[in-house]
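1. Model the following, please.
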Amino acid sequence: MTPQVSSFPISLRGLTILAEVPEKRTSAAGEAETVGSSSECQPLTGAVVDNDVYQEIVKILKTEQQFELAGYKVNAIKRRLAARMRLVGVSDCQAYVQQLSGNAVEQQQLLLALSIHVSSFFRNPSAFHALDKKIIPSLVADSQRLGSKLRFWSVGCARGEEAYSLALVSRRFVNEGSQMAIIGTDISSDAIRTARRGNYCSAQLRNIAPDQLGQYFSSHGTQYRVAAEIRKAVRFFRHDIVTEKPFYQADLILCRNLLIYFARDLQRQVLESLAGALTPGGYLMLGRAETMAPDCRTLFQCVDPAERIYKRLNS
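-> Okay, the predicted model is just below:
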């Protein structure tokens, strides 16, 4: 049954976003639980990928695309592999391995299927409300005191919705004189190209009030393009947070709904890398379904448990 969702406006000083309120239902244990509208954790159906086929595909992607799947949650990747096979109309796993081998186009499409998570502008609006009201003002105060430029980083930015959302939230602070730089990175080159173009369908903009679409987007047929001033505020780069060192020192890092695909050891590796990329006292925001790895809790202080916001501890 599809949950009933209502919306209410959240004002971010000149920008109104619509926060979705999922329906509550009662579990068998009698406890209330939230019914989400979508989730990366929902199973994807398709052919069953056995371990031998999985290892063959892992080898192909590593040798031909330099994409390393070691450390990812195997079952999650298998579900996406199965969904990709179903999409291209291949039900036999070995047949798909043969199709994939030496086929750079299909390898890129598979990488896209494995790496892209569902996203939209202002996904989980309360998270951006917390950034607007608490985190960014604190960073702005420190930067003005030090005379420094703020740097924000959206890790695993997919097609750019999160990075542009961050730019929209930050816009009023820039108008008030703050200097900011925002980058978005993703492992998928195709996703980065899409992000740079800044074209989106209406479903991806559902959290923006309709009367404000015209202010920040221009309509082009069935799509909307991000306004030039917002596009210019964000730079996009291809980067693999798993295999490549961070090339950016940031005051705020958003890494949402990425760690849930990683096994515990890889989660720890990425979190340690992100801690090193944060300036002293900088902030890290994770996704709501994610928690800080126990081994990394000495690196961060939790400042907002509900929104999974952590502050880097000085060491």
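2. Report the buried residues of whichever strand or helix holds residue 171.
-> Using DSSP states H and E, residue 171 maps to helix 161-175. Using 16 or more other CB atoms under 10 Å as the test for burial, helix 161-175 gives 161-171, 173. Where C-beta positions appear, they are placed from N, C-alpha and C, glycine not excepted.
3. Any chance you could list what contacts that helix?
-> The contact list for helix 161-175 (CB atoms under 8 Å, 6 or more residues apart in numbering) reads 12-15, 119-123, 128, 131-132, 136-137, 140, 152, 154, 157, 178, 180, 182-184, 195, 198, 200, 204, 216, 226, 230-231, 233-234, 236, 254, 256.
4. Where helices are concerned, which of those residues count?
-> In helices, defined here by DSSP state H, the members of the contacts of helix 161-175 are 128, 136-137, 140, 195, 216, 230-231.
5. Run through the protein and note the low-pLDDT ranges.
-> 1-47, 116-118, 315 (pLDDT under 70).
6. Repeat the analysis, applying 80 as the threshold.
-> Residue ranges of the chain with pLDDT under 80: 1-47, 115-118, 211-212, 315.
7. Listing partners with orientation, what would you give for the lengthiest strand in it?
-> Looking across the chain with DSSP state E, the single longest strand is strand 278-286. Strand 278-286 has the following strand partners under DSSP bridges: strand 250-255 (parallel), strand 309-312 (antiparallel).
8. In CSV: those strands, plus distance to residue 292.
-> Output for the strands paired with strand 278-286, formatted as CSV (distance: least, CB to CB, whole Å):
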stretch, distance to residue 292
strand 250-255, 11
strand 309-312, 6
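9. and the ones you listed, which is most packed in?
-> strand 250-255 (a mean of 24; mean count of other CB atoms under 10 Å).
10. Between helix 161-175 and it, find me the angle.
-> 150 degrees (axes from the mean of the first three to the mean of the last three CA atoms, to 10 degrees).
11. residues making contact with strand 250-255?
-> Contacts for strand 250-255 (CB under 8 Å, 6+ apart): 131, 135-136, 139, 143, 150-156, 162, 166, 241, 270, 274, 277-279, 282-287.
12. ok, residue 136 to residue 301 distance?
-> Noted for residue 136: a distance of 18 Å to residue 301, by CB to CB, to the nearest Å.
13. Neighbour count for the two, which is higher?
-> residue 136 (24 against 13; other CB atoms under 10 Å).
14. which ones are touching that one?
-> 169-170, 173, 252.
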